[in-house]
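A.B. asks: coords please:
(2 chains)
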There are 2 protein chains.
Amino acid sequence: MQCLVVYDIVDDNRRNKIADVCMDYGLDRIQYSAFAGDLAPTHQEELMLKIAAILGKRPGKVQLVPVCEKDWNARRVIEQAESASKEGTDAG
Amino acid sequence: MQCLVVYDIVDDNRRNKIADVCMDYGLDRIQYSAFAGDLAPTHQEELMLKIAAILGKRPGKVQLVPVCEKDWNARRVIEQAESASKEGTDAG
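C.D. replies: Coordinates of the predicted model:
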């Protein structure tokens, strides 16, 4: 099942460790502090336990949102690469 | 319907404008570049059109993921305020 993990962590070291554990679970980085990917519910729970252990009692917010296939397929994406801005110069 | 908007925009000015439009639509900021909230599908589409207009042809990635009530209620959240780290000093 698809899920989104979005976090807001001040401590650089912990934030990087949380990114590492998300990547360990095979999630894709969709933003500096956000990941998405296919994870079974038990693995989603496991990942959040690992994240909680990394964070300890430090301040921060982490959200894991499961997304069913129907909703995942209905997502809207705007994605423009660096070169897109150059192509667009003619149009202003 | 709940939705999550997660973006990765280099241009500070455009990024701030996108945050403003997300707030105009009543979404809650859950992270520096991520918002969540209740929006009807037509408003989700409208919001993405506005975001696309703000971004123009500049590089960036924006995702809007609709989340059904069942999934939204199943989300997992870790939230620890600044003071939590102080309370926790005794425990190491």
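
A.B. asks: how about the strands in chain A?
C.D. replies: Along chain A, the segments classed as strands by DSSP state E run A:2-8, A:28-31, A:34-38, A:60-67, A:76-80.

A.B. asks: Could you export those as a markdown table, including mean pLDDT?
C.D. replies: Converted to a markdown table, those look like this (pLDDT from 0 to 100):
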| stretch | mean pLDDT |
| --- | --- |
| strand A:2-8 | 97 |
| strand A:28-31 | 94 |
| strand A:34-38 | 97 |
| strand A:60-67 | 96 |
| strand A:76-80 | 95 |
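
A.B. asks: can you put those in CSV and add distance to chain B and mean neighbour count?
C.D. replies: Where you see a C-beta, it was placed from the backbone N, CA and C, and this is true even at glycine. Converted to CSV, those look like this (distance: least, C-beta to the nearest C-beta, whole Å; neighbours: other C-beta atoms under 10 Å in any protein chain shown):
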stretch, distance to chain B, mean neighbour count
strand A:2-8, 4, 23
strand A:28-31, 4, 16
strand A:34-38, 5, 21
strand A:60-67, 4, 22
strand A:76-80, 4, 15
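
A.B. asks: Nearest to B:Gln31 among those strands would be which one?
C.D. replies: Counting by C-beta to C-beta, B:Gln31 lies closest to strand A:2-8 out of the strands of chain A; the figure is 4.3 Å.

A.B. asks: which other helices and strands contact the closest one?
C.D. replies: helix A:12-24, strand A:34-38, helix A:41-55, strand A:60-67, strand B:2-8, strand B:28-31 (3 or more C-beta pairs under 8 Å, 6 or more residues apart in numbering or on different chains; DSSP states H and E).

A.B. asks: I'd like to know which of the ones you listed lies nearest to B:Ile78.
C.D. replies: The closest of the helices and strands packed on strand A:2-8 to B:Ile78 is strand A:60-67. By C-beta to C-beta, the value is 4.4 Å.

A.B. asks: which neighbours does that closest one have in its sheet, and in what orientation?
C.D. replies: Within its sheet, and counting by DSSP bridges, strand A:60-67 is paired with strand A:2-8 (antiparallel), strand B:76-80 (antiparallel).

A.B. asks: for these, which one sits closest to B:Pro41?
C.D. replies: Scanning those with C-beta to C-beta as the criterion, the closest one proves to be strand A:2-8, at 18.3 Å.

A.B. asks: From the chain's centroid, how far away is that closest one?
C.D. replies: How far strand A:2-8 lies from its chain's middle: 4 Å, per C-alpha atoms, centre = their mean, to the nearest Å.

A.B. asks: the inter-axis angle of that strand versus helix A:41-55?
C.D. replies: Between the axis of strand A:2-8 and that of helix A:41-55 there is an angle of 10 degrees, by axes from the mean of the first three to the mean of the last three C-alpha atoms, to 10 degrees.

A.B. asks: Alpha carbons only: can I get strand A:2-8 in CSV?
C.D. replies: Provided in CSV are the C-alpha atoms of strand A:2-8 (Å, rounded to 0.1, in the frame of the first residue of the first chain):
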residue,chain,number,x,y,z
GLN,A,2,1.3,3.5,-0.9
CYS,A,3,2.1,5.8,1.9
LEU,A,4,3.5,9.3,2.4
VAL,A,5,5.9,10.2,5.1
VAL,A,6,6.3,13.9,5.8
TYR,A,7,8.4,15.3,8.6
ASP,A,8,9.6,18.5,10.2
